[in-house]
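In: I would like to see how this sequence folds:
(one chain, ligands or ions: 1)
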Amino acid sequence: MNVRPDPAQLGAPDDGIAKGDLLLDVKNVSLSFGGVKAITDISFDVRKGEIRAIIGPNGAGKTSMLNVINGFYTPQRGSIVFRGEERRAMKPHHAVRQGIARTFQNVALFKGMSTLDNIMAGRSVKMKRGLGWQMLWHGPALAEEIEHREKVEEIIDFLEIQHIRKTPVGKLPYGLQKRVELGRALAMEPSLLLLDEPMAGMNLEEKEDMSRFIIDVNQQRGTTIALIEHDMGVVMDLSDRVVVLDYGKKIADGAPDAVKTNQQVIDAYLGVAH
Ligand SMILES: Nc1ncnc2c1ncn2[C@@H]1O[C@H](COP(=O)(O)OP(=O)(O)OP(=O)(O)O)[C@@H](O)[C@H]1O
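Out: Modelled structure (predicted):
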């Protein structure tokens, strides 16, 4: 029988922000690619401890928004305030160091490497000592590696993937690959976890498993989550608040029940002409 670890041992991120306070503030962001306006003057926030969904029809600007938040794209206008620090441009590796981790629409793992090594790779951003240290000072580097390894093993237990820890991820079914990718993001101990369509391509059982893990990550590890998802049932069940984009503009923002019955949102999904 697998014993799930005590949540108190899971190293929930301590970013000095109280639950319910502002973690991320997206302010008047606009982003174009040549003549294509992907995002137009969008503002919304993410509060510490919540699950926030970003939804909208195809091409609405959801992935572009995630790419602005994690520093992959620099918007032409507007700014992002994360943990009180305002920025327009930031390289993705800085975003990771600031506490933003993400998963991708199409799984982005090292397919030939094992589950364990993939998650360990995610952990590398937390490692202070590089290769030079390991050659010169084997002792401290080894001690650090053992500590990181323990964190990674905790994540493996938490996500119930002990049985595939040595399996090359390219050989795993898609649903499990998505779970490993979640594990790699968790290894970074993010304050804000961005999930780009975590259920895409999954069957019902895999979706139920992933939903449960997302809730556990949020509730047990205290991780704030912003996710893009097309499955409306999942979105409405999981999220505390939902922001809706359409043609690059924000058309609604609020609790799932309010968003569900918003006429503009219904029209957008039905493809009613503007
Ligand atoms: N790198 C890019 N170069 C040019 N245009 C882009 C680029 N990325 C996105 N776009 C365009 O910006 C708009 C928003 O795209 P985006 O992928 O953000 O939408 P989305 O809501 O995530 O869509 P989907 O649900 O289909 O993934 C679309 O018109 C898209 O074609």
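
In: How much space separates the residue most central in space within the chain from the ligand?
Out: The centre of the chain sits closest to residue 194, judged by CA atoms, centre = their mean, with a distance of 2.1 Å. Distance, residue 194 to the ligand, using CB to the nearest ligand atom, to the nearest Å: 12 Å. For every residue, glycine as well, the C-beta is placed using N, CA and C.

In: Now name the helix or strand holding that residue.
Out: Assigned by DSSP states H and E, residue 194 belongs to strand 192-196.

In: What is that strand packed up against?
Out: On a contact count with 3 or more CB pairs under 8 Å, 6 or more residues apart in numbering; DSSP states H and E, strand 192-196 meets helix 62-69, strand 100-103, helix 174-186, strand 224-228.

In: Adjacent strands (with direction) for it?
Out: If you go by DSSP bridges, strand 192-196 pairs up with strand 100-103 (parallel), strand 224-228 (parallel).

In: how far does stretch 196-213 stretch from start to finish?
Out: Start-to-end span of stretch 196-213 (CA to CA, to the nearest Å) is 15 Å.

In: Could you list the buried residues of that stretch?
Out: 196, 197, 198, 199, 200, 202, 206, 207, 209, 210, 211, 213 (16 or more other CB atoms under 10 Å).

In: Can you pick out the most distant pair from those residues?
Out: Spatially, the most separated pair among the buried residues of stretch 196-213 is 196 and 209, at 18.1 Å (CB to CB).

In: thought residue 116 was touching residue 159?
Out: No. Using CB atoms under 8 Å as the test, residue 116 is too far from residue 159 to be in contact (12.0 Å).

In: Return the helix or strand in the chain with minimum mean pLDDT.
Out: Lowest on mean pLDDT, DSSP states H and E among the helices and strands of the chain sits helix 131-136, with a mean of 52.

In: and of the helices and strands packed on strand 192-196, who's closest to residue 120?
Out: That would be, of the helices and strands packed on strand 192-196 and by CB to CB, helix 174-186, which comes in at 8.7 Å.

In: Adding distance to residue 65, mean pLDDT and mean neighbour count, write the strands paired with strand 192-196 out as CSV.
Out: CSV is the format used below for the strands paired with strand 192-196 (distance: least, CB to CB, whole Å; pLDDT from 0 to 100; neighbours: other CB atoms under 10 Å):
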stretch, distance to residue 65, mean pLDDT, mean neighbour count
strand 100-103, 12, 90, 24
strand 224-228, 8, 97, 24
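
In: Relative to residue 15, which of the ones you listed is closest?
Out: So among the strands paired with strand 192-196, strand 224-228 is nearest, using CB to CB, at 9.1 Å.

In: how far is the closest one from where the chain is centred?
Out: Offset of strand 224-228 from its chain centre (CA atoms, centre = their mean, to the nearest Å): 6 Å.

In: Please identify the buried residues of the helix or strand following it?
Out: Where DSSP H and E defines the elements, the next helix or strand beyond strand 224-228 is helix 232-238. Buried residues in helix 232-238, counting neighbours by 16+ other CB under 10 Å, are found at 234, 235, 236, 238.

In: Distance to the ligand for the helices and strands packed on strand 192-196 - can I get that in TSV?
Out: Output for the helices and strands packed on strand 192-196, formatted as TSV (distance: least, CB to the nearest ligand atom, whole Å):
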stretch	distance to the ligand
helix 62-69	3
strand 100-103	13
helix 174-186	16
strand 224-228	7
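
In: would CSV of the ones you listed with distance to residue 109 be doable?
Out: What follows is the helices and strands packed on strand 192-196, written out as CSV (distance: least, CB to CB, whole Å):
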stretch, distance to residue 109
helix 62-69, 18
strand 100-103, 10
helix 174-186, 6
strand 224-228, 19
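
In: Please put the alpha-carbon coordinates of the helix or strand where residue 156 lies into PDB.
Out: Following DSSP H and E, one finds residue 156 within helix 138-158. Output of helix 138-158 as PDB, limited to C-alpha atoms (Å, rounded to 0.1, in the frame of the first residue of the first chain):
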ATOM      1  CA  HIS A 138      32.100  16.300  -3.600                       C
ATOM      2  CA  GLY A 139      30.800  16.200   0.000                       C
ATOM      3  CA  PRO A 140      28.600  19.400   0.000                       C
ATOM      4  CA  ALA A 141      27.400  18.700  -3.600                       C
ATOM      5  CA  LEU A 142      26.400  15.200  -2.700                       C
ATOM      6  CA  ALA A 143      24.600  16.300   0.400                       C
ATOM      7  CA  GLU A 144      22.600  18.800  -1.700                       C
ATOM      8  CA  GLU A 145      21.900  16.200  -4.300                       C
ATOM      9  CA  ILE A 146      20.500  13.900  -1.600                       C
ATOM     10  CA  GLU A 147      18.300  16.700  -0.300                       C
ATOM     11  CA  HIS A 148      16.900  17.400  -3.800                       C
ATOM     12  CA  ARG A 149      16.400  13.700  -4.500                       C
ATOM     13  CA  GLU A 150      14.300  13.500  -1.400                       C
ATOM     14  CA  LYS A 151      12.000  16.300  -2.600                       C
ATOM     15  CA  VAL A 152      11.700  14.600  -6.000                       C
ATOM     16  CA  GLU A 153      10.800  11.300  -4.300                       C
ATOM     17  CA  GLU A 154       8.100  13.200  -2.300                       C
ATOM     18  CA  ILE A 155       6.600  14.500  -5.500                       C
ATOM     19  CA  ILE A 156       6.700  11.000  -7.100                       C
ATOM     20  CA  ASP A 157       4.800   9.600  -4.000                       C
ATOM     21  CA  PHE A 158       2.400  12.500  -4.100                       C
END
